[in-house]
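1. Predicted model, plus sequence, below.
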Amino acid sequence: MNWPELLSRVRAETFVKHVEPHEEIASTNDRALELAADIDLPTPALVIAERQTAGRGRSSNVWRSGPGSLTFSLIIERPATLPIEQTPIISLLAGLAVQRAISTVVAGRPVKVKWPNDVYVDGRKASGILTEVASSAARRIVIGIGINVNNSLADAPADIRTKAVSLREAVGRTIDSVELLVATLVAIETELSIAEAHGGFDVARWSPHCLLQGKRVCLRTPRGDVAGLCTGVSDRGELLIGTEVHAHRYSGGEIVSF
C-alpha cells in the first residue's frame with residue numbers, strides 16, 4: 001500500500017477527518033468500534049489495514065483478507081434526518097456506494113448488489129460489508145468494507161474460488177487501490193447525503209442494481225428458511241419475496257441460495 005499517497009488523497013479528496021493506518025490488525029471493525037467510544041474523535045474516521053488477521057463478515061462469517069485486498073472501516077454519525085429505526089438502510093447505502101465505485105474500474109462488466117450489501121462482479125462476490133452500531137455511542141455507525149482488488153483467490157478453498165472474484169482477475173489488470181478507496185469514500189458520502197435529503201431510502205437508486213430480483217432465493221431468518229421469488233426491494237430497504245401481486249417483506253436474514 002502506498003501510505004503517503006493514500007493519506008494525502010483521503011485527506012484532500014474525501015470527507016474523512018481522521019485516518020488510522022495499520023500494516024496489520026486483527027479486525028478494522030473491532031478497532032473502529034473502540035475508537036467510536038471516544039466522543040472527541042472527529043468523524044468520519046477511517047481505520048484501514050494492509051492485512052487483517054481476524055476479519056468478520058455478516059452472520060459470524062469470516063472475511064478472508066489476502067495481500068492486495070482493500071480492507072477498511074469507516075466511522076460515521078447517523079444522518080440527522082434518518083430515524084433510528086431506519087439505521088439498517090446504512091448497509092444498503094454502503095453496498096450501493098461500493099457498487100458505484102467498483103463500476104468505475106470494471107467498465108462494461110455487470111456489477112450488482114446482493115441484498116443487503118454484498119457486491120458481485122460477473123456473478124461472483126467481490127466485496128463484503130459489515131455495518132455495526134457502536135454500543136458506547138449509539139449515533140455512531142461503523143461500516144466495515146472488504147474488497148477483493150489485486151489479491152489472488154488461487155489458494156482459497158474450492159467453494160470460495162467458484163463464488164468469489166478479485167477485480168484484477170475480473171478485468172485482467174492491476175487496479176489502483178488508492179483510486180478505488182477514494183472513489184468508494186466519495187460515493188459513500190454521496191449516498192448518505194442523498195438519504196439525508198430524501199429522509200430515508202431511495203429505492204429507485206438501488207433497484208436497477210439488485211442482483212436477486214427475478215430469482216428464486218432462500219432467506220434464512222430466526223423463524224426458519226423462506227424460499228420464493230425475489231421481486232425486489234421495498235422503499236424501506238426490505239427484501240421482497242413472493243409474487244408480483246403479493247410479496248412478503250423481510251428486514252433481516254441471510255440469503256443462503258439464489
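-> Sure, I can see it.

2. Helices of the stretch 51-200 of the chain, start to end?
-> Using DSSP state H, counting those that start in this stretch, the helices of the stretch 51-200 of the chain run over 89-103, 158-163, 167-171, 177-198.

3. tell me the most buried of those?
-> The highest average neighbour count among the helices of the stretch 51-200 of the chain, using mean count of other C-beta atoms under 10 Å, belongs to helix 89-103 at a mean of 25. Quick note: C-beta positions are derived from backbone N, CA and C, even for glycine.

4. Out of the helices of the stretch 51-200 of the chain, the one nearest Ser257 is which?
-> helix 158-163 (11.4 Å; C-beta to C-beta).

5. What helices and strands are in contact with that closest one?
-> Applying 3 or more C-beta pairs under 8 Å, 6 or more residues apart in numbering; DSSP states H and E, we find helix 158-163 packed against strand 124-133.

6. what's the angle from the strand it packs on to helix 89-103?
-> 150 degrees (axes from the mean of the first three to the mean of the last three C-alpha atoms, to 10 degrees).

7. other SSEs contacting strand 124-133?
-> helix 28-36, helix 89-103, strand 118-121, strand 140-147, helix 158-163, helix 167-171.

8. who touches Gly68 in this structure?
-> By C-beta atoms under 8 Å, 6 or more residues apart in numbering, Gly68 lies in contact with Val149, Asn150, Asn151, Ser152, Ser166, Arg168, Ser177.

9. Excluding sequence neighbours, find me the nearest residue to the second one.
-> With sequence-adjacent residues excluded and distances taken as C-beta to C-beta, 6 or more residues apart in numbering, Asn150 is closest to Gly68, at 3.5 Å.

10. picking that back up, and the helices and strands packed on strand 124-133: which comes nearest Lys215?
-> Closest to Lys215 of those, according to C-beta to C-beta: strand 118-121, at 12.1 Å.

11. List the neighbouring strands of that closest one plus their orientation.
-> strand 111-114 (antiparallel), strand 124-133 (antiparallel) (DSSP bridges).

12. hmm, who's touching the first one?
-> The reference is to strand 111-114. So strand 111-114 is in contact with 92, 95-96, 98-99, 102-103, 119-121, 125-126, 206, 209-212, 255, 258, going by C-beta under 8 Å, 6+ apart.

13. Turn the helices and strands packed on strand 124-133 into a markdown table, columns for mean pLDDT and distance to Thr14.
-> As requested, the helices and strands packed on strand 124-133 are exported to a markdown table (pLDDT from 0 to 100; distance: least, C-beta to C-beta, whole Å):
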| stretch | mean pLDDT | distance to Thr14 |
| --- | --- | --- |
| helix 28-36 | 96 | 16 |
| helix 89-103 | 97 | 12 |
| strand 118-121 | 98 | 19 |
| strand 140-147 | 97 | 14 |
| helix 158-163 | 84 | 31 |
| helix 167-171 | 95 | 20 |
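
14. Spatially nearest residue to Glu196, not counting backbone neighbours?
-> Among residues not flanking Glu196 along the chain, Pro79 sits closest, at 4.0 Å (C-beta to C-beta, 6+ apart).
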